[in-house]
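In: Output the structure for:
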Amino acid sequence: MKRLILIKQSSAIQLGHLYEHIFCAHIDTFLYEHHLFSHLDYSLTGKTYYGGIVAIDIELYTDAAIKLSNRLSSLAIELNEEIISIAATQILAEKEEPVGGTGYDNVKQALEELHKQPWQNIDEVECIDTKSIRKKTGPFYIAEGKPLPARKLTASILLDDKLAASHRELLPLFRQFAWLMTSSFQGVLADTYGYFSHEDVYKDRSPVGVINTFKVANDNASEVDLSDILATCLEVVRDLQQYGAFTRYMDELCKASYYNHSGLAPNLEKNYEDTFIFIGPKGWRKIATDENYRLLLKHMSIEVKFGRDKISQPL
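Out: Numbers count the residues shown, from 1 in each chain. Predicted structure coming up:
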């Protein structure tokens, strides 16, 4: 496993925050187009710190992801009205406060200038005192006004009750597959609809499942189309199947060793807390089989819920 941390400075903090969302979306798209998937090949976190430090933190788990990592700091980005609007909507959902700007052209120009600023690898950084950075409002900012509470949307991977009860030994494998799917939902739904991934949890009550909660911006709530969102999630699962993500994941689970190959070895304690099953490398090699994979997928479904409305479909 390798860890890449890239940073750059933006004295206009919320402009940097907007750029962070846009750049992370481009990383997700770039890796997805190379058939690399969150949770299996990498994990990505973006954050904008006090003082305007934009940080992109990427953990790279597989050789294929590591080989592409040297291209990320020079990744080209597209800036148009739709891309900027989606990122701004994500921030509106995240902050739950009104946002303002000095016009699309000004925001785009400032983002282009920020993108031209080279990324610094954290290994090359000596020290940055954020108190010494002179801050300015910039062309994109949090505006004064009443809070705009976001609404909650969930995208869940659920397991049939009967199979969950009769094959408890497979719950850890279901949990890993579900995390793989919802991790991809997090990026795709955010970058497509402007949602903000807020929380993801494993639920051991009937029905067993992994639930990803998104914040939907107040201004965006009337545009939620559950059928369209479900279709997007199903397309993500088809991509995971088509490009062998589940098979590759089982191969990684079968190589799990907390001494020699810990990068993708599942967290022992978290798995126990979620499933009440304590499983080691020999256990993963026993359950991570094609037969069990096919069995689980036949009994899994996607459910999308917004307010009182929900829709679901088997995988």
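
In: My read is that residue 40 contacts residue 247, right?
Out: No: using Cβ atoms under 8 Å, residue 40 is not in contact with residue 247; the gap is 10.5 Å. Where C-beta positions appear, they are placed from N, C-alpha and C, glycine not excepted.

In: which residues touch residue 107?
Out: 15, 18, 84, 101, 139-140 (Cβ atoms under 8 Å, 6 or more residues apart in numbering).

In: re the thing from before, what about residue 40 and residue 247, which has more around it?
Out: Neighbour count, other Cβ atoms under 10 Å: between residue 40 and residue 247, residue 40 has more, with 22 against 14.

In: Can you tell me which of the contacts of residue 107 is closest to residue 3?
Out: Nearest to residue 3 among the contacts of residue 107 is residue 18, at 24.9 Å by Cβ to Cβ.

In: who does the one helix or strand the closest one maps to touch, helix- and strand-wise?
Out: In this assignment (DSSP states H and E), residue 18 forms part of helix 13-33. Applying 3 or more Cβ pairs under 8 Å, 6 or more residues apart in numbering; DSSP states H and E, we find helix 13-33 packed against strand 42-49, strand 53-60, helix 63-68, helix 81-95, helix 104-116, strand 140-142, helix 171-193.

In: Return the most buried member of those.
Out: Among the helices and strands packed on helix 13-33, the stretch with the highest mean neighbour count (mean count of other Cβ atoms under 10 Å) is helix 171-193, at a mean of 23.

In: Can you show me the strands along the stretch 101-250 of the chain?
Out: 120-121, 140-142, 151-159, 196-203, 209-216 (DSSP state E, counting those that start in this stretch).

In: With respect to residue 230, which of those lies nearest?
Out: Residue 230 lies closest to strand 151-159 among the strands of the stretch 101-250 of the chain, at 8.4 Å (Cβ to Cβ).

In: Please identify the buried residues of that closest one?
Out: Under the neighbour-count criterion of 16 or more other Cβ atoms under 10 Å, strand 151-159 has 153-159 buried.

In: picking up where we left off before, I'd like the contacts of residue 107 as CSV, with distance to residue 190 and pLDDT appended.
Out: Conversion of these to CSV gives the following (distance: Cβ to Cβ, whole Å; pLDDT from 0 to 100):
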residue, distance to residue 190, pLDDT
15, 19, 96
18, 14, 97
84, 14, 97
101, 20, 90
139, 23, 95
140, 18, 95
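
In: so which of those residues comes closest to residue 125?
Out: Nearest to residue 125, judged by Cβ to Cβ, of these is residue 15 at 21.1 Å.

In: The closest one: what's its closest spatial neighbour, skipping adjacent residues?
Out: residue 138 (4.1 Å; Cβ to Cβ, 6 or more residues apart in numbering).

In: do residue 9 as well
Out: Computed as Cβ to Cβ, 6+ apart, the closest residue to residue 9 that is not its neighbour in sequence is residue 52, at 5.5 Å.

In: which ones are touching the one you found?
Out: By Cβ under 8 Å, 6+ apart, the contact set of residue 52 is 9-13, 16, 130, 133, 135.

In: Kindly recompute the last result at 10 Å.
Out: Neighbour list for residue 52: 8-17, 114, 130, 133-136, 138 [criterion: Cβ atoms under 10 Å, 6 or more residues apart in numbering].

In: Also residue 292?
Out: Contact analysis of residue 292 by Cβ under 10 Å, 6+ apart lists 167, 169-170, 173-174, 177, 250, 286.

In: rerun that using 7 Å as the cut-off
Out: Residues in contact with residue 292 (Cβ atoms under 7 Å, 6 or more residues apart in numbering) are 170, 173.

In: did I read that right, it in a helix?
Out: Yes: judged by DSSP: H, G, I helix; E, B strand; the rest coil, residue 292 forms part of a helix.

In: how close does it sit to residue 80?
Out: Remark: distance between residue 292 and residue 80 (Cβ to Cβ, to the nearest Å) = 45 Å.

In: Identify all contacting residues around stretch 80-97.
Out: So stretch 80-97 is in contact with 17-18, 21-22, 99, 104, 107-108, 142, 147-150, 190-191, 194-196, 215-217, 219-220, going by Cβ under 7 Å, 6+ apart.

In: hmm, which of these are the buried ones?
Out: By 16+ other Cβ under 10 Å, these give 17-18, 21-22, 99, 107-108, 142, 150, 190-191, 194-196, 215-217, 220 as buried.

In: Just give me the neighbour total for residue 255.
Out: 16.

In: who are the neighbours in contact with it?
Out: Per Cβ under 7 Å, 6+ apart, neighbours of residue 255: residue 261.

In: Now do the same for residue 264: its pLDDT.
Out: pLDDT, residue 264: 68.

In: let me redo that: residue 275
Out: For residue 275, pLDDT reads 94.

In: quick one, what contacts it?
Out: Counting by Cβ under 7 Å, 6+ apart, residue 275 makes contact with 171-172, 175, 204.
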